[in-house]
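> Give me the fold of what follows.
(2 chains)
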Amino acid sequence: MNVTIGLLLLQDGLTTGFLYALLSLSILLVFVVTRVLWVPAGEFLVFGALTLASLQQGQVPGTVWLAAALGVTTALVDTWHARRTGDWRAWPVVAAISLGAPLIAGGLIVLFAASKPALAIQVALTLALVVPMGFMLYRVAFRALADKSTLTLMFVAIAVHYALVGLGLLFFGSEGYRTPPFIAGRIDAGFTRISWQLVLVVATSAIVMVGLWLFIGRTLWGKALRAAAVNRFGARLVGVRTETMGALAFTISALIGTLSGVLIGPVTTLFYDSGFLIGLKGFVGTVIAGMASFPLAVLGSIVIGVVESFASFYASSFKEAIVFGLLIPFLLWRSAVEPRTLEAHGDDE
Amino acid sequence: MSYYRGSAFALAATLIMAQPVLSQEIKIGLSGTFTGPNATNGIPYRNAAEIFPSSIGGAAVKWILLDDATDPTTAVKNARKFVDEDKVDIVLGSTSTVTASAMMDVSVESKTAQIALSPVQIPEAKLPWIFNVPQPVPIMVSAIIDDMKKSGLKTVAFIGYADGWGDLNWNALNQVAAKEGIKVVAGERYNRTDTSVTAQALKIIASSPDTVFIGASGTAAALPHVTLKDQGFNGRVYHTHGTVAKAFIDAGGKAVEGAMMPTGPVVAAADLPDSNPIKKVSLDFIAKYEGKWGKGSANPIAGYAWDAMLLVEAAATEALKKAKPGTPEFRVALRDALQSGKDVAGTNAVYRFTPTDHYGVDERARVMVVVKDGAFRLAK
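Okay, here's the model as predicted:
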């Protein structure tokens, strides 16, 4: 172990740490707004990466059919719901998103995939195809359960996770994919060589984090989102539609997840089932932050990434044990520092 | 090679055997991982079954294919169906270690021979009925060690999966290396789904080995190789025989040029000397398989299926002389013929099963190949 190796390990840890941080943001956002433990966060990462990989090979990704099927299901469920309640106000928007997005993005992909469009267009198509699935999943699986207990919501999230992993296997097969790097090589910074990938990951994460912060802090939609997070009942009293906020949280979360997938594609070989473990580490990051604070969740996830990198160096066979073992002292510390506040918070609805 | 002249045997069998025997068809059950996480390894078996002959040793054959979806419970169910409903004479499968092992109990209990199509550990008690076709790991790893010795490489570092496959390779490496005087200087682990192995690669480079052995498989084996290259390791990199697939080269790209791995001789059949009995069998298999599935489609995995068929063919020819298909006597005769100690040349090995050795392969079962210009070529 010397300084050179230490710096390289730190870089590696930061690269994965920032990716975990992005996922932890998506998990935390969904949790505070809807109380759903977003287990399938990693699936969006995988779908993003594999969709882009298929596009780069000039193939039509399986997610096109998944999005189409999900879109039709959403439209049907919503029509039925609107008929039963007689409330058609949200229906046009939902139908437009759930049928329109797969039709337009999927249609463009089917038409132009073989001609291998420019990378930026591929990324845009990937986002346009995968992100609306977050919205659809909320409408189909979680909206009707908004008042159920956190435990019920978590079980539904696990069910959604298994369904998505199974579909991923069906659509992408059991082999892994890797996309070519956006920018190859490293920059010589004198004392160490910094990989372009790290720069790209950090820059994108920074943009996402600042964007999220501005959105939540400065816009009306963002403030409504925060109101729904702080107190759902109170937010409803002042006219915030918590349902819409839930859908918004899921969509933003899907956007962050898919974006991390696009970023991670060139770093590693991804399989249909890679998402869970990556998501789980983001989740550990949010737990370290007490499932409440966004900046702390980012910090926690980066710590996880760095610890993982150094653990891989010193004891690679125990790497996962060390990373998940971190949870125990943090949970002990949290329960000592802020006794019972979480329970009190959870009961106020 | 005599078993191979199928038509001659068909003729001989027709002349020798009584009519009732001929009218009896041999039933063979093949259960594989055609879907599920191990589908990549299962599908070639199903494809190979499409070109299996419809009669062997002069008797009609019914091949019964079932999918176990890489699920041990389903594999056992399939095995039950084979022996209870279909009353098969021999079971082939399954095509992953876990599912193949799960089927063993049914085969032993029903006294039906089973040819495993994925490397399995055969417990002593089950030895009488279980046969193994793919080369056991130590045979393959010893090919790597031989190559290291030949190239004058003295120290090796290991990085492999933190699972059963990684363990098998790690243990085999330690055993064989110690015997051959090669020093193992590092042993690192990673997971198939890991996003980075930079740390492990740095540690390996820090131990400055002459060469690195990656105990992984498929596309996930590319990650450590690419990372090692990226961090400036210029030595030779060896892989397991689980990487001999186009997908691996696709995933690794330019970085895996020069990678070496042991594999069944079928991969480099055209480059083998004519004296090698495997060459003729392999070329015949490749011609038939590619005739059905297109050029470049032949692979060592489909070769295992072909070998299992050849083994059954050779054994059935003998067994038909003793008993009628569909009877317990035929199943015993089939098993006895399988382990009679005769050489059977296949695409991946020359098999010689005896009552005590149900792996039946020797150093003829492997060659070293090298990745060159995006393809696997026989290493000189």
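
> from here on, contacts and neighbour counts on C-alpha atoms
OK.

> before we move on, which element is residue 252 in?
Going with chain A. For A:I252, the element it lies in under DSSP states H and E is helix A:242-264.

> that's the other chain; I wanted chain B
Assigned by DSSP H and E, B:G252 falls within helix B:246-252.

> likewise A:G290?
Going by DSSP H and E, A:G290 is not in any helix or strand.

> now it, nearest residue through space, not along the chain?
A:R334 (7.2 Å; CA to CA, 6 or more residues apart in numbering or on different chains).

> need the contact list for A:L129.
Counting by CA atoms under 8 Å, 6 or more residues apart in numbering or on different chains, A:L129 touches A:63-64, A:67, A:101-102, A:105-106.

> What is the strand or helix carrying A:D78 packed up against?
Secondary structure from DSSP H and E places A:D78 in helix A:63-85. Here helix A:63-85 touches helix A:91-112, helix A:119-137, going by 3 or more CA pairs under 8 Å, 6 or more residues apart in numbering or on different chains; DSSP states H and E.

> swap the cut-off to 6 Å and go again
helix A:91-112 (3 or more CA pairs under 6 Å, 6 or more residues apart in numbering or on different chains; DSSP states H and E).

> Against which helices or strands is the helix it packs on packed?
In this structure, helix A:91-112 packs against helix A:63-85, with contacts taken as 3+ CA pairs under 6 Å, 6+ apart.

> distance between the helix it packs on and the chain's centre?
For helix A:63-85, the separation from the chain centroid amounts to 22 Å (computed by CA atoms, centre = their mean, to the nearest Å).

> Tell me the buried residues in the one helix or strand A:A336 maps to?
Assigned by DSSP H and E, A:A336 belongs to helix A:327-337. For helix A:327-337, the buried set under the neighbour-count rule, 16 or more other CA atoms under 10 Å in any protein chain shown, comprises A:327, A:330, A:334.

> which of those lies closest to chain B?
Closest approach between the buried residues of helix A:327-337 and chain B, by CA to the nearest CA: A:L327, at 19.6 Å.

> and the angle for the helix holding A:I252 with helix A:119-137?
For helix A:242-264 against helix A:119-137, the angle by axes from the mean of the first three to the mean of the last three CA atoms, to 10 degrees is 150 degrees.

> Give me the angle between helix A:242-264 and helix A:91-112.
Using the same axes, to 10 degrees: helix A:242-264 against helix A:91-112 is 20 degrees.

> And the contacts of the biggest helix by length in chain B?
Looking across chain B with DSSP state H, the single longest helix is helix B:300-319. Helix B:300-319 has contacts (CA atoms under 6 Å, 6 or more residues apart in numbering or on different chains) with B:3, B:44-45, B:48, B:56-57, B:333-334, B:337-338, B:346-347.

> Could you pull up the mean pLDDT of the helix or strand that that helix is followed by?
Proceeding N to C from helix B:300-319, the next assigned helix or strand is helix B:328-338, under DSSP H and E. Helix B:328-338 shows a mean pLDDT of 93.

> Which strands border the next helix or strand after helix B:328-338, and is each parallel or antiparallel?
Sequence-wise, the next helix or strand downstream of helix B:328-338 (DSSP H and E) is strand B:344-345. The strands beside strand B:344-345 in its sheet (DSSP bridges) come out as strand B:350-351 (antiparallel).

> Tell me which other helices or strands the helix or strand following the partner strand touches.
Helices and strands here follow DSSP H and E; after strand B:350-351, the next one along the chain is strand B:367-372. Counting contacts by 3+ CA pairs under 6 Å, 6+ apart, strand B:367-372 packs against strand B:260-263, strand B:375-378.

> Could you save the ones you listed as a markdown table and add columns showing mean pLDDT and distance to chain A?
Supplementary listing: those in a markdown table, determined by pLDDT from 0 to 100; distance: least, CA to the nearest CA, whole Å:
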| stretch | mean pLDDT | distance to chain A |
| --- | --- | --- |
| strand B:260-263 | 92 | 19 |
| strand B:375-378 | 87 | 18 |
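
> Buried deepest among the ones you listed, which one?
Mean neighbour count (mean count of other CA atoms under 10 Å in any protein chain shown) peaks for strand B:260-263 among the helices and strands packed on strand B:367-372, with a mean of 27.

> show me what contacts B:E290?
B:S297.

> Excluding chain neighbours, give the residue nearest to the residue in the stretch 51-200 of chain A that chain B sits nearest to in space.
Nearest residue of the stretch 51-200 of chain A to chain B (CA to the nearest CA) works out as A:S174 at 5.3 Å. For A:S174, ignoring the flanking residues on the chain, the nearest one in space by CA to CA, 6+ apart is B:P37 at 5.3 Å.

> surely that neighbour meets A:F172?
No - between B:P37 and A:F172 there is no contact under CA atoms under 6 Å: 11.0 Å.

> Please work out the residue of chain B nearest to chain A and name it.
B:A199 (4.6 Å).

> Give me the local confidence score for that residue.
Looking at B:A199, its pLDDT stands at 90.

> For it, give its distance to B:I205.
10 Å (CA to CA, to the nearest Å).

> Pull the contacting residues for residue 254.
Chain wasn't specified; assuming chain A. A:A254 is in contact with A:131, A:134, counting by CA under 6 Å, 6+ apart.

> Kindly provide the distance from it to A:L23.
Counting by CA to CA, the separation of A:A254 from A:L23 is 10 Å.

> Kindly report the same for B:G218.
B:G218 is 27 Å from A:L23, by CA to CA.

> sorry, back to before: what is the helix holding B:G252 packed up against?
Helix B:246-252 sits against no helix or strand, with contacts defined as 3+ CA pairs under 6 Å, 6+ apart.

> Need the nearest residue in space to whatever residue of chain A ends up closest to chain B, chain neighbours excluded.
Nearest residue of chain A to chain B (CA to the nearest CA) works out as A:F313 at 4.6 Å. Leaving aside its chain neighbours, A:F313 sits nearest to B:A199 (4.6 Å; criterion: CA to CA, 6+ apart).

> which other residues reach the host helix or strand of that neighbour?
According to DSSP H and E, B:A199 maps onto helix B:198-206. Residues outside helix B:198-206 that contact it (CA under 6 Å, 6+ apart) are A:9, A:309, A:312-313, B:228.

> ok so, going back, so how far is the helix holding A:A336 from its chain's centroid?
Taking CA atoms, centre = their mean, one finds helix A:327-337 lying 25 Å from the centre of the chain it belongs to.

> Stretch B:186-205 too?
27 Å.

> and it, how far apart are its ends?
End-to-end distance (CA to CA), stretch B:186-205: 9 Å.

> swap in stretch B:174-192?
Its first and final residues considered, stretch B:174-192 spans 22 Å by CA to CA.

> B:G294: how many residues sit nearby?
By the criterion of other CA atoms under 10 Å in any protein chain shown, B:G294 has 11 neighbours.

> about what we covered before: more crowded one of B:A199 and B:I205?
The neighbour count for B:A199 versus B:I205, taken as other CA under 10 Å, is higher for B:A199 (27 against 21).

> still on that earlier bit, relative to helix B:328-338, how tilted is the longest helix of chain B?
Computed by the same axes, to 10 degrees, the angle between helix B:300-319 and helix B:328-338 is 120 degrees.

> Please work out the average pLDDT along helix B:300-319.
Per-residue scores along helix B:300-319 average to 92.

> Now do it: distance to the chain's middle.
Once both centres are worked out by CA atoms, centre = their mean, helix B:300-319 turns out to sit 12 Å from its chain's centre.

> residues of it that come out buried?
Result for helix B:300-319 [16+ other CA under 10 Å]: buried residues B:300-319.

> Let me see the contact set for the residue nearest the centre of chain A.
Here the mean C-alpha position of chain A is nearest to the C-alpha of A:G257 (CA atoms, centre = their mean), at a distance of 2.9 Å. Neighbouring residues of A:G257 by CA under 6 Å, 6+ apart: A:44-45.
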